[in-house]
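Trainee: return atomic coordinates for the entry below.
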Amino acid sequence: GSGHLRVVHLEEELDDGYCRDTIPRLPGANGNVEPGVNADFHAQHVRFGWGSGIVPRLDCKLELETGKLRIYRNSHIDVERDGDGGDRIRCSDETVACSGNGKISPTMTVSKANVNLNYGSVLELEQLVLSVVHGEGHHRVEVPLTLVAAQGIRLSEHIRNDKSNERLWVNVLVQGYGAYGLNLEAQLDELQMCLLRQGFVLAFAHVRGGSEKGREWHESGKGQKKINSFKDMLACVQFLHDANIVHPHGLCGEASSAGGLLLGGCVNMRPELFTALVIRVGFMDPLTAMLNKSLPLTLQEHKEWGDPATNQEVFDAIRSFSPYQNLDVAVVGDKALDSPRAQNQHFPSVLLSAGEEDCRVPYWQPTKYLAKLRALTLDRDNCYDNNMEVRAGPGQQYFLRFDRGAGHFGSGSWDQRLDVRAEEYAFLIEEIRHAKRAEGFNDVITGHGLS
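Mentor: A predicted model of the protein is given here:
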C-alpha cells in the first residue's frame, strides 16, 4: 500500500482511552513517504519527503496544529494553493475496472501528472498500480505491479480494456528486489526521465521477500521459501509479454545487491524473456557466501537465507536458485556440458558492476559470475568454445565495471554517477537495437508523450 502519515495528539485523550489522531492529506494518493530532518523535538511541524512513480521526490513540511502542507524545493511539478491555504500538486488519481480475464486484479489505480523538464518541455506521465495473479487454489497469489509510462503510449487503456490481442510493443525496464523485508518503492528520479521520453515503460515488481503486503509477504519469500520471489517476478514479466505490452526483444532488467540475485535467478529459469540486464553489486553466489562464516555479514544473513552448512535442505534450496551455480544449464541447455552438441539457448546481455571496497557483496561475486558466463557463451567474434556450437542468437555482450575504492553504494561525485547511469542506459538501448535489428525489426526506439 501507499505510505501515509498519522498525527497523534497526545494531550487529547478520548473516552476510550486512546488519543485523538488525524491522517493529513498528502500530495497524492499513491506515493512513498520518507522521514526528513527533524532535529528540533519541540518544533510545531514535521519535515518529510514524498514522491511516486510519476512525481520526483518533494521536500514537504506539515504544520501539526493546522494540518497545512507546504512543498519546498520542487522544480518539476506545478504547485498550487488549496482551499485551506495549504499546498497541493496537480496530480489526479482514479480507480478503474479492468477486464483482465483473471490474469490481473479486477481494478487498478491510475495516477496522472505532468512533469516539467529543465529545458521547458512537459512530460505527461501516468502510473498504474495493479496486481498480477498466478497460481491455483491456495497457491493463488496476487503480486503488486507498478507501471510508469508516458500518457501518449496509452498503457492504461491497453490494460483496462484487455487489448492483449493488439500489439502495444514498447520497451520495458523491469526492477525488483524482494529481500530482507524491504519495500521496492516506485520512485521517479530525474535520471529515468530520459528513458520515459524514449518511450520506455518502467515496471516495479513488488515480489514476495519484501514487506509491501505486510510481514507475511516477507516471510513467504525468505529462506526455503525464497523460490516464491522468482515465481512472482517471472509471473509479472510473463504478463508483460502475454498482454502484448513489451516488444519480444524489448524487455530489460535493472537491480542491485539482492535484487541481482532475483534477476540472475529469473534469467537462469527463463532466459528467453529478457534482452539485457544491468546488475549493480549483485549477490550472484549466495551459496558460497553463506558457507563462508569469515565474511562480515554471513552470520546475521542466516536469518534471511538459512545456514547451508548445518542444514542440507537449506543447502539444496540455495543451490537451486543461485545465479552462479545454475549458469551451466541456463546457458547451454539441459544436456551435459561435455555433450558434443549441447543445446544453445538465448541468454541476455549483461552489464555488471563491482566495488573494490564493498563489504556487503565482495567484488569477487560479480567478477566470478562474469568469468563463468563468458566461459560458457560465445561473443560476436564467432569463436568456438570447446564442443559447443556457435550461438544462433543475435550475439550477446557481457561487461564488468569495476570501481576502485567504491563501496556497496558506489562512490564519486554526482556528475560521475550521472556518467555511470548514462553508460548503463546506453548499454540497454544498444542491446535492444541490436536484438531487434537481428530479427528484422526496424522500429527500434521511439519517443512518446513529449510536448
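Trainee: chain neighbours aside, what residue packs nearest to residue 5?
Mentor: With Cβ to Cβ, 6 or more residues apart in numbering as the criterion, residue 5 has its nearest non-adjacent residue at 5.6 Å, and that residue is residue 24. Just so you know, the C-beta spots here come from the backbone N, C-alpha and C atoms, and that holds for glycine as well.
Trainee: where does that neighbour land in three-state SS?
Mentor: Put simply, residue 24 is coil when judged by DSSP: H, G, I helix; E, B strand; the rest coil.
Trainee: same deal with the one 10 residues further on?
Mentor: Remark: residue 34 carries the secondary structure label strand [criterion: three-state DSSP].
Trainee: wait, what's in contact with it?
Mentor: With contacts defined as Cβ atoms under 8 Å, 6 or more residues apart in numbering, residue 34 is in contact with 48-50, 57.
Trainee: mind running it again at 10 Å?
Mentor: 3, 48-51, 57, 59-60, 185, 187 (Cβ atoms under 10 Å, 6 or more residues apart in numbering).
Trainee: what does residue 234 give?
Mentor: If you count contacts by Cβ under 10 Å, 6+ apart, then residue 234 has 134, 205, 207, 265-267, 269-270, 273 around it.
Trainee: and those residues, which is closest to residue 145?
Mentor: residue 205 (5.8 Å; Cβ to Cβ).
Trainee: so which residues of the stretch 301-450 of the chain form strands?
Mentor: Shown for the stretch 301-450 of the chain, the strands assigned by DSSP state E, counting those that start in this stretch span residues 349-355, 398-403.
Trainee: give me the residues contacting the shortest one.
Mentor: Strand 398-403 is contacted by residues 277-278, 280-281, 347-358, 363, 366-367, 369-371, 373-374, 377, 379, 410-412, 416, 420, 423-424, 427 when judged by Cβ under 10 Å, 6+ apart.
Trainee: let's go with 8 Å and repeat that
Mentor: Counting by Cβ under 8 Å, 6+ apart, strand 398-403 makes contact with 349-356, 363, 366-367, 370, 373-374, 377, 379, 410-412, 420, 423, 427, all of which sit outside it.
Trainee: same question, the longest one
Mentor: Among residues not part of strand 349-355, those counted as contacts by Cβ under 8 Å, 6+ apart are 275-282, 361, 363, 365-367, 369-370, 373, 396-403, 406-408, 410-411, 420, 424, 427, 431.
Trainee: show me where this structure dips below the pLDDT cut-off.
Mentor: Residues of the chain that meet the criterion pLDDT under 70 lie in 1-2, 15-17, 73, 83, 85, 100, 119-120, 332-345, 378-395, 442-451.
Trainee: mind checking how far the closest residue to residue 296 other than its chain neighbours is from residue 37?
Mentor: Take residue 296 and drop its neighbours on the chain: the residue closest to it by Cβ to Cβ, 6+ apart is residue 359, 5.4 Å away. Distance check for residue 359 against residue 37: by Cβ to Cβ, to the nearest Å, it reads 27 Å.
Trainee: repeat for residue 71
Mentor: Distance, residue 71 to residue 37, using Cβ to Cβ: 16 Å.
Trainee: confirm for me that residue 140 is in contact with residue 133.
Mentor: Yes. At 6.7 Å, residue 140 counts as touching residue 133 under the criterion of Cβ atoms under 8 Å.
Trainee: more neighbours: those two, which one.
Mentor: Summary of the neighbour comparison: residue 140 and residue 133, criterion other Cβ atoms under 10 Å, with residue 133 having more neighbours (18 against 10).
Trainee: in the sheet, which residues pair with that one? Tell me.
Mentor: Note on residue 133: beta-bridge partners by DSSP bridges are residue 142.
Trainee: who's in contact with it?
Mentor: Per Cβ under 8 Å, 6+ apart, neighbours of residue 133: 102-105, 140-143.
Trainee: show me where the protein has helices.
Mentor: 155-160, 193-197, 215-219, 227-242, 258-269, 286-291, 298-305, 312-321, 327-332, 364-376, 414-438 (DSSP state H).
Trainee: can I get the fifth one in PDB? Just the C-alpha atoms.
Mentor: So the one you mean is helix 258-269. Backbone C-alpha positions of helix 258-269 (Å, rounded to 0.1, in the frame of the first residue of the first chain) are rendered in PDB as follows:
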ATOM      1  CA  ALA A 258      19.900  -8.900  -3.500                       C
ATOM      2  CA  GLY A 259      17.900  -7.700  -6.500                       C
ATOM      3  CA  GLY A 260      20.700  -9.000  -8.600                       C
ATOM      4  CA  LEU A 261      20.100 -12.400  -7.100                       C
ATOM      5  CA  LEU A 262      16.500 -12.100  -8.100                       C
ATOM      6  CA  LEU A 263      17.200 -11.100 -11.700                       C
ATOM      7  CA  GLY A 264      20.000 -13.600 -12.100                       C
ATOM      8  CA  GLY A 265      17.900 -16.500 -10.900                       C
ATOM      9  CA  CYS A 266      14.900 -15.500 -13.100                       C
ATOM     10  CA  VAL A 267      17.200 -15.300 -16.200                       C
ATOM     11  CA  ASN A 268      18.500 -18.700 -15.500                       C
ATOM     12  CA  MET A 269      15.000 -20.100 -15.300                       C
END
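Trainee: all set, thanks.
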